[in-house]
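> Output the structure for:
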Amino acid sequence: MATQRGFDRTDRISAEVMREVEKIIRDEVSDPRTDCMFSITHVEVTKDLRYAKIFVSVMEEEKRDGMMAALKSASGFIRHSLGQHMMLRYTPEPVFKLDTSIEYGVHIAELLNHVAKGEEDESTVQ
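Purely as a prediction, here's the structure:
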């Protein structure tokens, strides 16, 4: 039972970190490379709360490298701001990872639509 409660706590902290980091990036980070459409898709906080792996999806492909570089250079500022917004003994160190799962999902949906359309065409020809 104790381990289940531990997972609940890290899940709640991960969700709160996700909300706060997105606000900090949008409102407080002044790097022009962060002025693009992005979304934080998932956050994984370690059990000891020392690190937070933050998955970021950037919609515009040509701005991905710049956005990830900006987040890496602003990670100290983001950690400091996160510490001010959240009441935790340790503020997790943010580690940003590019998340392409949304793009991959769109690609798979397009492939499925293409296959379905091909099957419809074959059934109307016969």
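> Going by C-alpha atoms from here, please, whenever you check contacts or count neighbours.
Will do.
> excluding its backbone neighbours, what's nearest Thr100?
Ser57 (6.1 Å; CA to CA, 6 or more residues apart in numbering).
> quick one: the helix or strand encompassing that neighbour to chain centroid distance?
According to DSSP states H and E, Ser57 maps onto strand 51-58. The chain centre lies 4 Å from the centre of strand 51-58; the measure is CA atoms, centre = their mean, to the nearest Å.
> same deal with stretch 49-60?
On CA atoms, centre = their mean, the centre of stretch 49-60 falls 4 Å from the chain's centre.
> do the same with stretch 102-122
So, by CA atoms, centre = their mean, the centroid of stretch 102-122 is 26 Å from its chain's centroid.
> Pull out the buried residues from it.
Neighbour counts over stretch 102-122 (16 or more other CA atoms under 10 Å) mark no residue as buried.
> The residue nearest to Ser81 when sequence neighbours are not counted: what's it in contact with?
The spatially closest residue to Ser81, leaving aside those adjacent along the chain, is Ile24, at 7.2 Å (CA to CA, 6+ apart). Contact analysis of Ile24 by CA atoms under 8 Å, 6 or more residues apart in numbering lists 78, 81-82.
> And Gln84, how close does it get to Val115?
To Val115, Gln84 is 51 Å away according to CA to CA, to the nearest Å.
> scratch that, Met67
Taking CA to CA, one finds Met67 at 35 Å from Val115.
> picking that back up, from His107, how far off is the residue nearest to Thr100?
On the measure of CA to CA, Ser57 and His107 end up 15 Å apart.
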